[in-house]
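# Task: produce atomic coordinates for the following.
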Amino acid sequence: MNPQEQLERWMTQYQNLIYSICYRLTGDYFDSEDLTQDAFLSAYRHLKEFDGQNEKAWLCRIATNKCIDYLKRAGRRSVPTEELFFSSLPDRRSSPEKETLESEIRKQLYDCCNQLAPPYCQVALDYYYYEMDINEIAEKTGKNKKTLQTQIYRAKGMLKKKMRKEDLCHG
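Below you'll find the model as predicted:
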């Protein structure tokens, strides 16, 4: 398997796990998305150093280190230790509190997307809320992929501002 195929397989298999680790450690939807991407890119760059054993643990370690570095750079007061990291790994069991929190976060995301001006509203809903990929959105809308990538990038910046304002108001 060539390195690019390996990366694609990892992303398909572990993307949700790596994202949930990043989200648990940072508490920020968008930063977690960026850190997830950084973790996979780092794994790709260091593929030659990987011994081929326990890829899941290796990818989790990379993601954890990316988050810890991010939190240190951000000047946050509480930097998670390895012990805290393992205690914060996603619990596969569902709880009413977890479901309620996820539902509230999704509602907030949906509301913020709907507040954006066209064409950012629809592209943000498709990409962030409905979790469609660029190819699916391009097929649905008939728009050029590069145009959509630009719109998603801009919508992300607008959503960050809106969601942080919401956190300030409700937090």
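
# Select the longest helix from the chain.
Across the chain, the helix with the greatest residue count (assigned by DSSP state H) is helix 145-170.

# helices or strands next to it in the packing?
Using 3 or more C-beta pairs under 8 Å, 6 or more residues apart in numbering; DSSP states H and E, the elements in contact with helix 145-170 are helix 29-45, helix 96-115, helix 120-124, helix 134-141. Using the backbone N, CA and C atoms, a C-beta is placed for each residue, glycine as well.

# how about JSON lines for the ones you listed, with distance to Gln149, mean neighbour count and mean pLDDT added?
JSON lines is the format used below for these (distance: least, C-beta to C-beta, whole Å; neighbours: other C-beta atoms under 10 Å; pLDDT from 0 to 100):
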{"stretch": "helix 29-45", "distance to Gln149": "13", "mean neighbour count": "18", "mean pLDDT": "92"}
{"stretch": "helix 96-115", "distance to Gln149": "17", "mean neighbour count": "13", "mean pLDDT": "76"}
{"stretch": "helix 120-124", "distance to Gln149": "10", "mean neighbour count": "21", "mean pLDDT": "91"}
{"stretch": "helix 134-141", "distance to Gln149": "6", "mean neighbour count": "14", "mean pLDDT": "90"}
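
# Switch the ones you listed over to a markdown table; also include distance to Glu55.
Shown next, in a markdown table, are those (distance: least, C-beta to C-beta, whole Å):
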| stretch | distance to Glu55 |
| --- | --- |
| helix 29-45 | 9 |
| helix 96-115 | 27 |
| helix 120-124 | 33 |
| helix 134-141 | 26 |
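
# Now do the longest helix of the chain against helix 134-141: the angle between them, please.
With axes from the mean of the first three to the mean of the last three C-alpha atoms, to 10 degrees defining the directions, helix 145-170 sits at 100 degrees from helix 134-141.

# Look at Trp10 and say how many residues are nearby.
For Trp10, the count of nearby residues is 20 (other C-beta atoms under 10 Å).

# cool, and Ile62?
Neighbourhood size, Ile62 [other C-beta under 10 Å]: 20.
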